[in-house]
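Undergrad: 3D model of this:
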Amino acid sequence: MGDIIDGKRVASDINAQTKIEVETLKKRGIVPTLVVVIVGEDNASKIYVRNKHRKAVQLGINSVVRQLPAETTQDELLAVIAEYNQDPTVHALMVQSPLPAQIDEPAITRAISPVKDVDGFHPINVGKLLTNAQLNFPVSCTPKGIMSMLRAYNVPLEGAHAVIVGRSNIVGRPMAALLLNANATVTIVHHHSGDLSQYTKTADILVVATGIAHLIKRGDVKPGATVIDVGMDRDENGKLTGDVDFDGVKDVAGLITPVPGGVGPMTIATLLQQTVELAKWSD
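TA: Predicted coordinates for the structure are as follows:
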């Protein structure tokens with residue numbers, strides 16, 4: 001059986017370091033401040049935002065949650081973003097997804113100042129990532145957290161073959177860029193790629209982010225591979241599960257993330273880590 005990657009432990013280590021850095025910044029008169037804007041009453045979003053707020057407060061970060069009604073217009077939301085863009089005490093800004101149908105989400109992403117874009121979704125920051133710019137800039141939190149997890153477990157990246165299943169702007173594409181920047185050989189596959197297994201079973205590192213429960217089975221994985229499951233799905237019994245058939249794959253993988261307890265904790269930890277980085281870079 002492969003070793004299970006403990007995302008909670010790695011996230012805890014990152015949070016401990018973040019707390020130290022917050023205390024250091026406060027001694028210099030800088031209070032790292034995160035603003036999360038949420039529009040409407042989506043229950044999953046409210047829970048996620050509440051969890052982020054609670055953890056931020058625990059680490060000493062000034063966390064502000066701005067709740068707007070579901071009928072908020074795009075112009076009204078843009079005005080709120082402009083307000084925080086211009087506030088020098090705000091270091092990190094994000095608008096929680098999903099947004100109501102009347103709002104153009106890509107336009108909202110572009111409106112957030114690149115230097116406060118804690119999600120790392122702004123096209124300017126994406127461009128810096130893709131060109132491997134040797135600058136300070138935010139990166140999409142889930143892929144950045146996965147890289148921290150790979151480093152924590154000493155997974156060799158240089159020269160490794162990494163296969164990413166899924167090509168979203170949130171996970172798949174930035175994950176590919178980060179691995180490519182780390183000198184891995186990267187293949188991205190998706191629903192137009194045909195037989196996924198012909199690609200996945202060649203992977204030294206397999207990252208799966210599709211939203212399809214148990215898409216990856218035992219026969220799809222190379223023996224000894226590192227398997228990173230980004231999926232957060234529900235099985236027929238309503239139990240939280242991933243895109244990888246954990247029970248079938250764990251005996252063939254060298255390292256594998258569970259769901260829950262794998263990638264999930266890393267995303268919030270990285271968001272707060274990046275909040276502090278944005279505060280440092282703004283000084």
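Undergrad: Near the nearest residue to A82 once chain neighbours are set aside, how many other residues are there?
TA: The shortest distance from A82 to any non-neighbouring residue, by C-beta to C-beta, 6 or more residues apart in numbering, is to A111 (7.4 Å). Quick note: C-beta positions are derived from backbone N, CA and C, even for glycine. Applying other C-beta atoms under 10 Å, we find 19 residues neighbouring A111.
Undergrad: If you rank every helix and strand of the chain by mean pLDDT, what lands last?
TA: Here the helix or strand of the chain ranked lowest by mean pLDDT, DSSP states H and E is strand 233-234, holding a mean of 88.
Undergrad: Off-centre distance for whichever helix or strand comes after it?
TA: Using DSSP states H and E, the next helix or strand after strand 233-234 towards the C-terminus is strand 240-241. Its chain's average C-alpha position is 18 Å from that of strand 240-241, according to C-alpha atoms, centre = their mean, to the nearest Å.
Undergrad: got it, and stretch 33-50?
TA: The chain centroid and the centroid of stretch 33-50 are separated by 16 Å under C-alpha atoms, centre = their mean.
Undergrad: As a check, name the ranges of all helices in the protein.
TA: Using DSSP state H, the helices assigned to the chain run over residues 7-27, 43-58, 74-85, 105-111, 123-130, 141-152, 172-181, 197-200, 246-249, 264-282.
Undergrad: Quick one: list the elements packing against the fifth one.
TA: Contact here means 3 or more C-beta pairs under 8 Å, 6 or more residues apart in numbering; DSSP states H and E; on that basis helix 123-130 packs against helix 172-181.
Undergrad: can you give me the angle the helix it packs on makes with helix 141-152?
TA: 30 degrees (axes from the mean of the first three to the mean of the last three C-alpha atoms, to 10 degrees).
Undergrad: List of residues touching helix 172-181?
TA: Helix 172-181 has contacts (C-beta atoms under 8 Å, 6 or more residues apart in numbering) with 120, 126, 129-130, 132, 139-140, 142-144, 146-147, 157, 162, 164-167, 186, 188, 190, 205, 207, 209.
Undergrad: and with 6 Å instead?
TA: 129-130, 132, 140, 143, 147, 162, 164, 166-167, 186, 188, 207, 209 (C-beta atoms under 6 Å, 6 or more residues apart in numbering).
Undergrad: Going through the residues you listed, which ones are buried?
TA: Among the contacts of helix 172-181, those scoring as buried are L129, S140, P143, M147, A162, I164, G166, R167, V186, I188, V207, A209 (criterion: 16 or more other C-beta atoms under 10 Å).
Undergrad: CA atoms only for stretch 147-154, dumped as CSV, please.
TA: What follows is stretch 147-154, C-alpha atoms only, in CSV (Å, rounded to 0.1, in the frame of the first residue of the first chain):
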residue,chain,number,x,y,z
MET,A,147,3.2,22.2,-5.0
SER,A,148,3.8,22.8,-1.3
MET,A,149,2.5,19.3,-0.6
LEU,A,150,4.8,17.7,-3.2
ARG,A,151,7.7,19.5,-1.7
ALA,A,152,6.7,18.5,1.8
TYR,A,153,6.8,14.8,0.7
ASN,A,154,10.0,15.2,-1.3
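Undergrad: roughly how far is it from the heart of the chain?
TA: Averaging C-alpha positions (C-alpha atoms, centre = their mean) puts stretch 147-154 14 Å from its chain's average.
Undergrad: Quick check: buried residues in it?
TA: The neighbour-count check on stretch 147-154 (16+ other C-beta under 10 Å) flags M147, S148, M149, L150, A152 as buried.
Undergrad: now these in a markdown table, with pLDDT and distance to S197?
TA: Below are those laid out as a markdown table (pLDDT from 0 to 100; distance: C-beta to C-beta, whole Å):
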| residue | pLDDT | distance to S197 |
| --- | --- | --- |
| M147 | 98 | 26 |
| S148 | 98 | 29 |
| M149 | 98 | 25 |
| L150 | 98 | 23 |
| A152 | 98 | 29 |
